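J.: Please find the sequence and the predicted model below.
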Amino acid sequence: MHTGHAWLEQFKWVALGAVAVGIPRILLKGLASLRHFVLDINMLMTIAIAGRCIASASAPPVLQ
């Protein structure tokens, strides 16, 4: 059955590439914020990305 959402599969890979390109800079700034005990957007994004990685690793395949 075709649901018309085939473009979402392609978008998933584009999004993954964007995260792979952008995460090193955010991660470094987030770790610098952690060293200075400052909670900024970089630290929040680092926490969010880590949480998503943990959730996707332990989620059932239906939710991935």
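T.: Thanks, I have the structure now.

J.: So which bits of the longest helix along the chain are buried?
T.: Here the longest helix in the chain is taken by residue count, with DSSP state H as the criterion, and it is helix 6-35. For helix 6-35, the neighbour count (16 or more other C-beta atoms under 10 Å) marks 26, 29, 30, 33 as buried. Yep, even glycine has a C-beta here, placed from its N, CA and C like the rest.

J.: any idea how far residue 8 is from the second one?
T.: Taking C-beta to C-beta, to the nearest Å as the measure, residue 29 and residue 8 are separated by 30 Å.

J.: Show the pLDDT at the closest residue to residue 27 other than its chain neighbours.
T.: Distance criterion C-beta to C-beta, 6 or more residues apart in numbering; nearest residue to residue 27, sequence neighbours excluded, is residue 46 at 5.8 Å. In this model, residue 46 is scored at 83, pLDDT.

J.: and if you look at residue 21?
T.: 90.

J.: show me what contacts it?
T.: When contacts are counted by C-beta atoms under 8 Å, 6 or more residues apart in numbering, residue 21 touches no other residue.

J.: For it, give its distance to residue 46.
T.: The value you get for residue 21 to residue 46, if C-beta to C-beta is used, is 16 Å.

J.: what's the answer for residue 9, then?
T.: Going from residue 9 to residue 46 by C-beta to C-beta gives 28 Å.

J.: Residue 57 too?
T.: Using C-beta to C-beta, residue 57 is found at 17 Å from residue 46.

J.: What is the nearest of the buried residues of helix 6-35 to residue 17?
T.: residue 26 (15.1 Å; C-beta to C-beta).

J.: and the residue nearest to residue 27, how many neighbours?
T.: Counted with other C-beta atoms under 10 Å, the neighbours of residue 46 add up to 19.

J.: Name the next helix or strand downstream of the longest helix of the chain, please.
T.: Stepping forward along the backbone from helix 6-35, the first helix or strand reached (DSSP states H and E) is helix 41-58.
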